[in-house]
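1. I would like to see how this sequence folds:
(one chain, ligands or ions: 1)
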Amino acid sequence: MNITKDIFYVGVNDHKVDLFEGQYRVPNGMAYNSYVIMDEKVAVLDTVDQGFDQQWLANIEAVLQGRKPDYLIIHHMEPDHAGNIARFMEVYPETTIVSNAKAFVMMDQFFPGQLHSPRVVVENGGSLSLGEHSLIFVFAPMVHWPEVMVSYEPTEKVLFSADAFGKFGALDVEEPWDDEARRYYIGIVGKYGVQATALLKKAAELDIRIICATHGPILRENLGHYIGKYLTWASYAVEEEGIVLAYTSVYGNTRKAVELLAETLRNKGAEKVVVYDLARCDMSQAVADAFRYSKLVLATTTYNADIFPHMRSFIEHLTERSFRNRTVAFMENGSWAPRAAKVMGEMLEKSKDLTLCENSVRILSALNEESTAQIEALAEELCRK
Ligand code: FEO
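-> So this is what the prediction gives:
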């Protein structure tokens, strides 16, 4: 596939993967993108997951048409992109590997004693001439590993952005970009908003016409939309007004309370109310929506003097991704010593810029008149805020 006259797509679609990075469900598979620039010198940009070496090498061979690659550029050492470095060097042993010092340390860890080819170690801001084209390297630490760099090709104005602007989903499945790009960003890079913002700042200085990420589609049109989404996500700003109700329920009583709250909110005119049963939903979807919307209600039972495990896990997913800048409310259930609201509050203590609702809901085993009134008051407050 031609991206421009001289830049080609040689990546692969993975429909075998069940959990990407061992935890993210990818019902539409995953794409591992790799590119070739054909010029006086030929450069291959990144490799693909180890299980796809044959297809990837065949894609490269079809583009090269008998030429040999001069450079293998490695932007990121995570094995979904770097898994085939040694395999590539078996086929093209004359190739020079181009990357940065941190990446070469990891390369020798992943492929101990296996790589003997010449190396070019690039600096931040350094460049590599291929003839008419060149690549300028910009380091992007923690987006999403410390060795990550992106590169910019100024002749065709292409940003090779590594994981940034990537999404879940193979390229042979049509689906909207935003939802799976959000779930990907929040899940995988979400902790590193400061570093992602720094990369966006550097990118703003470049005239970019095409974004080629290592996952997801080639972005050519309406780049402002994608960059705008990234600016929102990286800054932890609210993306949309809406209320997420995330709950766990053992015997259905907490669920009934959450359903009543959802109904009350809708009756009061709340336009966007999203409900997640944390024991059954895709946790990464619930996490992504907690960052997407402005308000979050956490409802759970007291359990072993703590909270129900799925809720603990959910809150940990939020806090380890620097959850902040949202309105939060608590609903707790307990039959003899309810303390779930206290535990949830303590877990969120270090989260910045949270607005805690004055109203909360305490269910003693099952809904009664008092807790039903508390739901009404909480709904009122959430609609007011
Ligand atoms: Fe797609 Fe961080 O690897």
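
2. what about the chain, any weak spots by pLDDT?
-> Counting by pLDDT under 70, the chain contains no low-confidence segment.

3. got the domain ranges for it?
-> 7-234, 241-384 (automatic domain parsing).

4. save those as TSV, and put in distance to the ligand and mean neighbour count too.
-> Every C-beta, even on glycine, is put in place using the N, C-alpha and C of the backbone. Formatted as TSV, the domains of the chain follow (distance: least, C-beta to the nearest ligand atom, whole Å; neighbours: other C-beta atoms under 10 Å):
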stretch	distance to the ligand	mean neighbour count
domain 7-234	4	18
domain 241-384	15	18
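
5. save these as CSV, and put in distance to Met1 too.
-> Converted to CSV, the domains of the chain look like this (distance: least, C-beta to C-beta, whole Å):
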stretch, distance to Met1
domain 7-234, 4
domain 241-384, 29
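
6. what's the closest non-adjacent residue to Val238?
-> Ser294 (4.4 Å; C-beta to C-beta, 6 or more residues apart in numbering).

7. measure how far the helix or strand where the one you found lies is from the centre of its chain, please.
-> If you go by DSSP states H and E, Ser294 is part of strand 293-303. On the basis of C-alpha atoms, centre = their mean, to the nearest Å, strand 293-303 is displaced by 23 Å from the centre of the chain it belongs to.

8. what's the first helix or strand after it?
-> strand 306-307.

9. quick revisit: name the helices or strands packed onto the strand holding Ser294?
-> Counting contacts by 3 or more C-beta pairs under 8 Å, 6 or more residues apart in numbering; DSSP states H and E, strand 293-303 packs against strand 240-247, helix 253-267, helix 309-320, strand 327-333, helix 340-347, helix 369-384.

10. partner strands of it, with direction?
-> Here strand 293-303 is paired, per DSSP bridges, with strand 240-247 (parallel), strand 306-307 (antiparallel), strand 327-333 (parallel).

11. that strand to helix 340-347, inter-axis angle?
-> 120 degrees (axes from the mean of the first three to the mean of the last three C-alpha atoms, to 10 degrees).

12. JSON lines please, covering the helices and strands packed on strand 293-303 and showing distance to Met142.
-> Output for these, formatted as JSON lines (distance: least, C-beta to C-beta, whole Å):
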{"stretch": "strand 240-247", "distance to Met142": "26"}
{"stretch": "helix 253-267", "distance to Met142": "36"}
{"stretch": "helix 309-320", "distance to Met142": "14"}
{"stretch": "strand 327-333", "distance to Met142": "27"}
{"stretch": "helix 340-347", "distance to Met142": "24"}
{"stretch": "helix 369-384", "distance to Met142": "35"}
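
13. tell me which of those lies nearest to Gln55.
-> Taking C-beta to C-beta, helix 309-320 is the member of these nearest to Gln55, at 33.8 Å.

14. what angle separates that closest one from helix 340-347?
-> Using the same axes, to 10 degrees: helix 309-320 against helix 340-347 is 30 degrees.

15. test my guess that Asn253 contacts Leu367.
-> Yes: look at Asn253 against Leu367 with C-beta atoms under 8 Å: they come within range, at 6.8 Å.

16. show me what contacts Val297?
-> If you count contacts by C-beta atoms under 8 Å, 6 or more residues apart in numbering, Val297 has them with Ile243, Val244, Leu245, Ala246, Val258, Leu261, Val328, Ala329, Phe330, Met331, Leu378, Leu382.

17. residues contacting stretch 95-102, please?
-> 43-44, 68-75, 85, 88-89, 104, 107, 115, 117-124, 128, 137, 139, 146-147, 149.

18. in strands only, show me these.
-> If you go by DSSP state E, those have Ala43, Val44, Tyr71, Leu72, Ile73, Arg119, Val120, Val121, Leu128, Phe137, Phe139, Met149 in strands.

19. need the contact list for the residue nearest the centre of the chain.
-> When C-alpha atoms, centre = their mean is applied to the chain, the residue found nearest the centroid is Tyr185 (2.1 Å). Each residue near Tyr185 by C-beta under 8 Å, 6+ apart is listed here: Ala196, Tyr230, Trp233.
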